[in-house]
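Asker: sequence-free structure coming up:
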């Protein structure tokens, strides 16, 4: 289980990673294993629609049990499939990197993190940094 | 008509086929001729969002009167058509293999089965195995 | 966690309870703690739209952390609130008895069961019978 | 403008108020003037569906330019109006207390806060405490 305290740690470390690396202002969503929001923060200067993107990246990972990298590859190979997932999950599905599964030491999925604001690759780096700083295992 | 007893037989045989073949944990939905759910089971270890995918595969087959193979080919040839079907049917449309029509001996459509969890091709094999074990004719 | 085996036990016992009591044909949905479907069965003779009702009863219980009885009372006292919940959760919210929380021995919510087909009160009795037969604690 | 730093202050003070007063675990959403999420936190032990309720309370306040108290009174006097607002705003409208407008010293609306978890009246008290602790004016 990801407690609120752990979710705050994830967000804090992900935003710090973005600041250190000079990335654009990031937004970070932390979801539980069922896809429900635990915590979210949007940095000053980020565009207003960032919550839906951050959640959509994380939500898709949870629903399919895959990291954002695998989902982005599926989108490139078979776009009609990932387009369908977007409709299927009520629009909460963004098939690019930056969604990262959170696993415990036994490999169980505890939740997912979604980061948006910079390139998808950089978003994923920040998400992984946040997850690992909180003591969990990341599947990007 | 697919009775609940027959739907259980389909699910049981499809899951057994998956286990025998060493597939990932499968989820199986059985729909009646009107696209309404009769029965569903999600194997332990499958990701939480599998119901929508299983139903979406079967629902698309029923709405168009086609097997998942024909729908996937249409998606490859004309993706804007299947993307539109997804919106048209409220997101309940997944244009890949693994959705299979259930027909009786006279060729009448009684319902459809949707399987998800492994590759789309393997999902379809498990769905066909379930349908045939229950004494129906499958159109993959 | 409610395994698929446990979900089958819940459904079997709930349907048996309905048959013993001479109720109308029942439909039973079992959801995990995040509101995602594990298993569903619709009895022969039930109307086609029963899945959405069964899931909607269980889903509402999970989202609010309340049993169907408390939700029905809230609906009677403040209908605009429960009407709003229906829109909020994309229509997956049915504020009547028959949705029942599933708890473990420590009181943790593991999921929920939704039953529909007879009166709401009888639906709840069948749901509780299913949950208790599987060794869990029911909050009706 | 409500900066992320200010949003964190609002959430921290609202959660502290709830803890001091012995309320159920609260969830707090902070929205900007356009209704877009800046920050959200869900306390451990709260049910999973709390984000939608917290946002829905705050979103309704912003869309109508009214505090949750005025909206709840309107719901009691004319429920068909607030039911329609729920559909109008895509389900993001919860017409009960606990949504509070955030104003600056000149009376301009900067955003809104939504709190959920205890009674609607107590939710509103926590929201006001959070807003005032951050140096803004609250319209409950």
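Answerer: Okay, I see it. Owing to the predicted nature of the structure, the values given are computational and were not obtained by experimental measurement.
Asker: which SS state does residue A:55 fall under?
Answerer: Following DSSP: H, G, I helix; E, B strand; the rest coil, we place residue A:55 in the helix state.
Asker: That one: what's it in contact with?
Answerer: A:29, A:31, A:37, A:40, A:92, A:114 (Cβ atoms under 8 Å, 6 or more residues apart in numbering or on different chains). C-beta here means a position set from N, CA and C on the backbone, and glycine is covered the same way.
Asker: which stretch of helix or strand covers the first one?
Answerer: Taking DSSP states H and E as the criterion, the element that holds residue A:29 is strand A:27-32.
Asker: what packs against that strand?
Answerer: Under the contact criterion of 3 or more Cβ pairs under 8 Å, 6 or more residues apart in numbering or on different chains; DSSP states H and E, strand A:27-32 touches helix A:4-20, strand A:37-42, helix A:50-64, strand A:109-116, helix A:120-133.
Asker: can you state the direction angle for the last one and strand A:27-32?
Answerer: The one in question is helix A:120-133. Taking axes from the mean of the first three to the mean of the last three Cα atoms, to 10 degrees, one finds that helix A:120-133 is oriented at 50 degrees with respect to strand A:27-32.
Asker: and chain A, which residues reach chain D?
Answerer: For chain A, the residues in contact with chain D (Cβ under 8 Å from any Cβ of the partner chain) are A:3-4, A:7-8, A:32, A:34, A:36-44, A:48-49, A:51.
Asker: In ChimeraX, how would I select the buried members of these?
Answerer: Restricted to buried positions by 16 or more other Cβ atoms under 10 Å in any protein chain shown, the ChimeraX selection for these reads:
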select /A:4,7,8,32,34,36,37,38,39,40,41,42,43,51
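Asker: how far does the strand holding residue A:29 sit from the chain's center?
Answerer: Averaging C-alpha positions (Cα atoms, centre = their mean, to the nearest Å) puts strand A:27-32 6 Å from its chain's average.
Asker: Adjacent strands (with direction) for that strand?
Answerer: Using DSSP bridges, strand A:27-32 pairs in its sheet with strand A:37-42 (antiparallel), strand A:109-116 (antiparallel).
Asker: who wins for proximity to residue A:21 among those strands?
Answerer: When the strands paired with strand A:27-32 are compared by Cβ to Cβ, strand A:109-116 sits nearest residue A:21, at 12.0 Å.
Asker: Give me the mean pLDDT for that closest one.
Answerer: In this model, strand A:109-116 has an average pLDDT of 98.
Asker: can you redo the contacts of residue A:55 as a markdown table with distance to residue A:20?
Answerer: As requested, the contacts of residue A:55 are exported to a markdown table (distance: Cβ to Cβ, whole Å):
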| residue | distance to residue A:20 |
| --- | --- |
| A:29 | 21 |
| A:31 | 25 |
| A:37 | 26 |
| A:40 | 21 |
| A:92 | 30 |
| A:114 | 20 |
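Asker: just those residues now: which is nearest residue B:101?
Answerer: For the contacts of residue A:55, the minimum distance to residue B:101 (Cβ to Cβ) is 29.6 Å, reached by residue A:92.
Asker: what about that closest one, distance to residue B:128?
Answerer: To residue B:128, residue A:92 is 32 Å away according to Cβ to Cβ, to the nearest Å.
Asker: How about the contacts made by the most centrally placed residue in chain A?
Answerer: With distances taken as Cα atoms, centre = their mean, residue A:114 lies nearest the centre of chain A, 1.7 Å away. Neighbouring residues of residue A:114 by Cβ under 8 Å, 6+ apart: A:28-29, A:31, A:53-59, A:61, A:94, A:98-100, A:127.
Asker: Try it again at 7 Å.
Answerer: Contact analysis of residue A:114 by Cβ atoms under 7 Å, 6 or more residues apart in numbering or on different chains lists A:29, A:54-58, A:98-99.
Asker: now swap in residue A:11 and tell me
Answerer: Contacts for residue A:11 were tallied using Cβ under 7 Å, 6+ apart; they are A:28, A:30, A:39, A:41, A:130.
Asker: what about 8 Å?
Answerer: A:28, A:30, A:39-41, A:130.
Asker: Which one of the residues you listed is nearest to chain C?
Answerer: residue A:30 (14.4 Å; Cβ to the nearest Cβ).
Asker: Correct me if wrong: that closest one contacts residue A:36.
Answerer: No. With contacts counted by Cβ atoms under 8 Å, residue A:30 stays clear of residue A:36, the gap being 10.3 Å.
Asker: Excluding sequence neighbours, find me the nearest residue to the residue of chain A most remote from its centre.
Answerer: In chain A, the residue that sits farthest from the middle, by Cα atoms, centre = their mean, is residue A:80; the gap is 22.1 Å. Leaving aside its chain neighbours, residue A:80 sits nearest to residue B:75 (4.1 Å; criterion: Cβ to Cβ, 6 or more residues apart in numbering or on different chains).
Asker: count of residues packed around the one you found?
Answerer: Using other Cβ atoms under 10 Å in any protein chain shown, residue B:75 has 25 neighbouring residues.
Asker: ok, now residue A:91?
Answerer: By other Cβ under 10 Å, the residues close to residue A:91 number 12.
Asker: Could you do residue A:90 as well?
Answerer: 12.
Asker: Then it would be within a strand, right?
Answerer: No. According to three-state DSSP, residue A:90 belongs to no strand; its state is coil.
Asker: can you tell me which residues contact it?
Answerer: B:91, C:90.
Asker: Ok, residue A:34 next?
Answerer: Per Cβ under 8 Å, 6+ apart, neighbours of residue A:34: A:62, B:48, C:32-36, D:48.
Asker: and it, what pLDDT?
Answerer: The model's pLDDT for residue A:34 equals 97.
Asker: In three-state terms, label it for me.
Answerer: Relying on three-state DSSP, one would call residue A:34 coil.
Asker: Next up, phi/psi of the residue of chain A found nearest chain C, please.
Answerer: Nearest residue of chain A to chain C (Cβ to the nearest Cβ) works out as residue A:34 at 1.5 Å. Backbone torsions of residue A:34, given as degrees, to the nearest 10, read phi -90, psi 0.
Asker: again, but for residue A:89
Answerer: phi -100, psi 30.
Asker: Count the neighbours of residue A:112 for me.
Answerer: Neighbours of residue A:112 under the rule other Cβ under 10 Å: 32.
Asker: Oops, could you answer that again for residue A:132 instead?
Answerer: Around residue A:132 there are 14 residues (other Cβ under 10 Å).
Asker: where's it relative to chain D, distance?
Answerer: Shown here: residue A:132 relative to chain D, a distance of 22 Å by Cβ to the nearest Cβ, to the nearest Å.
Asker: Run through chain A and note the low-pLDDT ranges.
Answerer: For chain A, no stretch is flagged by pLDDT under 70.
Asker: Contact residues of it facing chain C?
Answerer: A:32-36, A:90.
Asker: Can you name the residues that contact residue A:113?
Answerer: A:10, A:14, A:28-31, A:58, A:99-100, A:102, A:127, A:130-131, A:138.
Asker: what do you get if the cut-off is 10 Å, keeping everything else the same?
Answerer: Applying Cβ atoms under 10 Å, 6 or more residues apart in numbering or on different chains, we find residue A:113 in contact with A:2, A:7, A:10-11, A:14, A:28-31, A:38, A:54, A:57-58, A:61, A:68, A:98-102, A:123-124, A:126-128, A:130-131, A:134, A:136, A:138, A:140.
Asker: likewise residue A:136?
Answerer: By Cβ under 10 Å, 6+ apart, the contact list for residue A:136 reads A:2, A:6, A:9-10, A:100-105, A:110-111, A:113, A:130.
Asker: buried subset of those?
Answerer: Counted by 16+ other Cβ under 10 Å, the contacts of residue A:136 give A:2, A:6, A:9-10, A:100-103, A:110-111, A:113, A:130 as buried.
Asker: farthest pair in the residues you listed?
Answerer: Longest span within the buried ones among the contacts of residue A:136, Cβ to Cβ: A:9 and A:101, 17.0 Å.
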